[in-house]
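**Student:** Sequence and predicted structure below; questions after.
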Amino acid sequence: MPPNDYAYTQAPAGHRLHADAVLGAVHLQVADLRRSIAYYARVIGVRQISSSATTAVLGAYDDPTPIVVLHQHEGAAPVPSRGRLGLYHFAILVPDRAALGRFIAHLAAIGAYAGMSDHLVSEAVYLTDPDGLGIEVYADRPRDAWRVNNRALEMATRTLDAADLVRASHGAQWQGMPPGTRIGHVHLFVSDLDEAAHFYHDGLGLDKVMLEFPGALFMSAGGYHHHLGTNTWAAGAQRAKSDDARLLEWSVILPTPADVEATVHALEQVGAKITREEGDLVAADPWGTMVRVTNSREHTKTEPTGRDGRA
C-alpha cells in the first residue's frame, strides 16, 4: 500500500491520485441559458468569459479561469425536491473569510435566501439555481486549525456565525467573485457507497477521508477535507436523464500527462469505460456522471463527452 501522509485518510491499495490534484470547471445542463447567466451574474457574482448561442463559460472577475460552464437544453426538467442521483451540489471556494463575508452581505442586500453551516474545517453558504441545481460557496479554515480525533477528521454541521463573517469583510463592498475563486469540491448523490468507493477510490485514486457522516463517503487528494463527497441521502431517487437539468461533467486537473495515464490504467482496472480526448480521459461513474481527468488548467471545452450520461 502506498505511504499515507495524513492520519485521517486511507490511501487506495493501488493507484493514488497526485497530492497536487485540483478541480477544474463544472459543466451544467440548464433549461434557459439567459435565465441562468442572469442568476449566476446577479446572485453568485461570476462573469461571462465567453459564450455562444447555447453555452456560456463563467468565472471570477479579473481571472480567466473557468468555474462554471452552462449548456442550454431547452425544456430540461428541473431537479425535484427529493433530488436525483448525480449532483447534490458543486462548491465554489473563495480565497478567504473576508470574501465569504462580502458574499453574505451581498446576498442580504439583494434578498437572496441561503442556507448556512459551519463545518469546522470550512464555513459554507448554500443556494439553489433556477433549475434546482445545488451550489455551495465556502471558505476554508487554515489546515493547522483542523482537528483530528482517533484518526477521524472532525467535521460537523453547526450554526454559522454569519455576523462574524460579515465583520471580517471590514465593510468592503461586494464586487463579484474575487480572483483566485475556484471549484473546491463536488458532492454527488449515489445509490451505493461501496460502488462509489470502487470507482472513485480504487479507480480514480482518491483517498478516503475518515469522517463521522452517516450515509456519506468523502474522498480527497493531498489531505484535503474533501474534493469529492458522495452520499445516499436521496433514498429512492432516480438517475438523472438526458433531458434533465444536471451536472454533465466535473474535472480533475493533474500536474503531468503521466499522471493522467496512470489514472487511465487504474480506472480501466476497475472496469470503467474510458474516452480519450486530446490527452484527457473522460469516464462515467456508475450513475452516469462524467469525470474528466486532464493536465491542462486551460480546459474550457464547451461540449463535454457523453451528453446522454454515457462515455
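**Tutor:** Good, I have the coordinates. Numbering: from 1, shown residues only.
**Student:** now the helices for this structure?
**Tutor:** In the chain, helices defined by DSSP state H lie at 33-39, 97-110, 162-168, 193-197, 257-269, listed in chain order.
**Student:** Out of the ones you listed, which gets nearest to residue 75?
**Tutor:** helix 33-39 (12.5 Å; CB to CB). In this view, the C-beta of every residue, glycine as well, is placed from N, C-alpha and C.
**Student:** And that closest one, what's buried?
**Tutor:** Using 16 or more other CB atoms under 10 Å as the test for burial, helix 33-39 gives 33, 36, 37, 39.
**Student:** Same list (those) but as CSV, adding distance to residue 257 and pLDDT.
**Tutor:** Converted to CSV, these look like this (distance: CB to CB, whole Å; pLDDT from 0 to 100):
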residue, distance to residue 257, pLDDT
33, 34, 98
36, 34, 98
37, 34, 98
39, 37, 98
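**Student:** deepest of the helices of the chain, which one?
**Tutor:** helix 97-110 (a mean of 20; mean count of other CB atoms under 10 Å).
**Student:** picking that back up, save the buried residues of helix 33-39 as TSV, and put in distance to residue 272 too.
**Tutor:** Formatted as TSV, the buried residues of helix 33-39 follow (distance: CB to CB, whole Å):
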residue	distance to residue 272
33	31
36	30
37	33
39	34
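**Student:** any idea which of those is the one closest to residue 236?
**Tutor:** residue 36 (27.8 Å).
**Student:** For residue 295, see how far away the closest residue to the closest one other than its chain neighbours is.
**Tutor:** Once flanking residues are discounted, residue 36 sits nearest to residue 30: 4.4 Å by CB to CB, 6 or more residues apart in numbering. Per CB to CB, to the nearest Å, residue 30 is found 28 Å from residue 295.
**Student:** so where is this structure shaky, pLDDT-wise?
**Tutor:** 1-4, 297-311 (pLDDT under 70).
**Student:** again, only this time at 90
**Tutor:** Per-residue confidence for the chain (pLDDT under 90) gives these ranges: 1-6, 211-214, 235-236, 278, 296-311.
**Student:** Spit out the contact partners of the residue nearest the centre of it.
**Tutor:** Among the residues of the chain, the one closest to the centroid is residue 186, at 2.3 Å (CA atoms, centre = their mean). By CB atoms under 8 Å, 6 or more residues apart in numbering, the contact list for residue 186 reads 23, 26, 87, 89, 90, 91, 227, 228, 229, 247, 250.
**Student:** Name the nearest residue to the fifth one, sequence neighbours excluded.
**Tutor:** Looking back up the chat, that one is residue 90. residue 26 (4.6 Å).
**Student:** Quick check: the one you found vs residue 290, distance?
**Tutor:** In terms of CB to CB, residue 26 sits 11 Å off from residue 290.
**Student:** shared neighbours of these two, anything?
**Tutor:** 249, 250.
**Student:** quick revisit: out of the helices of the chain, flag the one nearest residue 45.
**Tutor:** helix 97-110 (6.8 Å).
**Student:** just to revisit the earlier point, settle it for me: which of residue 30 and residue 295 has more neighbours?
**Tutor:** residue 30 (25 against 18; other CB atoms under 10 Å).
**Student:** Would you agree that one is in contact with residue 38?
**Tutor:** No: using CB atoms under 8 Å, residue 30 is not in contact with residue 38; the gap is 11.4 Å.
**Student:** mind listing what the residue nearest to residue 36 touches?
**Tutor:** Taking CB under 8 Å, 6+ apart as the test, what residue 30 contacts is 36, 70, 71, 72, 73, 76, 129, 130, 131, 133, 245.
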